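K.L.:
predicted model and sequence follow; I will ask about them next.
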Amino acid sequence: GGKLFAALRRLNRPVELALYEGGGHTPAFWPAAQAVDQMARTLEFLERHIGPGWRPGPPHPAATTRR
């Protein structure tokens, strides 16, 4: 995560990094409060950088195609 964050900053891309005390690699194993905070931050970031009214939807067909 840290390396990806640094690479995106070097490319002058919008990026945020939140580190959670005692958090593991997967949100499924995080305390509920941390998982809720992470999801809220993600949705706020997407609305700010993709646009208001953005809502998650089904994956794009190309994203689910195996090569």
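P.N.:
Done, it's in.
K.L.:
ok, and what's touching the longest helix seen in the chain?
P.N.:
When the chain is parsed with DSSP state H, its longest helix is helix 32-50. Residues from elsewhere that reach helix 32-50 (CB atoms under 8 Å, 6 or more residues apart in numbering): 14, 16, 18, 20, 23, 27-28, 30, 53-54. All C-beta atoms are positioned from the backbone trio N, CA, C, and that covers glycine.
K.L.:
could you rerun that using 10 Å?
P.N.:
13-16, 18, 20-24, 26-31, 53-56 (CB atoms under 10 Å, 6 or more residues apart in numbering).
K.L.:
burial count for Ala7?
P.N.:
Residues lying near Ala7 (other CB atoms under 10 Å) number 11.
K.L.:
mind listing what's buried in the helix or strand that contains it?
P.N.:
Here Ala7 sits within helix 2-10, counting by DSSP states H and E. Within helix 2-10, no residue qualifies as buried by neighbour count (16 or more other CB atoms under 10 Å).
K.L.:
contacts for that helix, please.
P.N.:
13-17, 19.
K.L.:
show me which of the contacts of helix 32-50 are buried.
P.N.:
Among the contacts of helix 32-50, the ones that count as buried by 16+ other CB under 10 Å are Trp30.
K.L.:
pLDDT value on the residue positioned nearest the centre of the chain, please?
P.N.:
Centroid-nearest residue in the chain: Thr42, 4.8 Å away (criterion: CA atoms, centre = their mean). On the pLDDT scale, Thr42 is placed at 89.
K.L.:
could you do the one 3 residues further on as well?
P.N.:
Per-residue confidence (pLDDT) for Phe45: 88.
K.L.:
can you give me the separation between it and Gly22?
P.N.:
Here Phe45 is placed at a distance of 23 Å from Gly22 (CB to CB, to the nearest Å).
K.L.:
so where is this protein shaky, pLDDT-wise?
P.N.:
The model of the chain has pLDDT under 70 over residues 54, 60, 62-67.
K.L.:
thanks again, I'm all set now.
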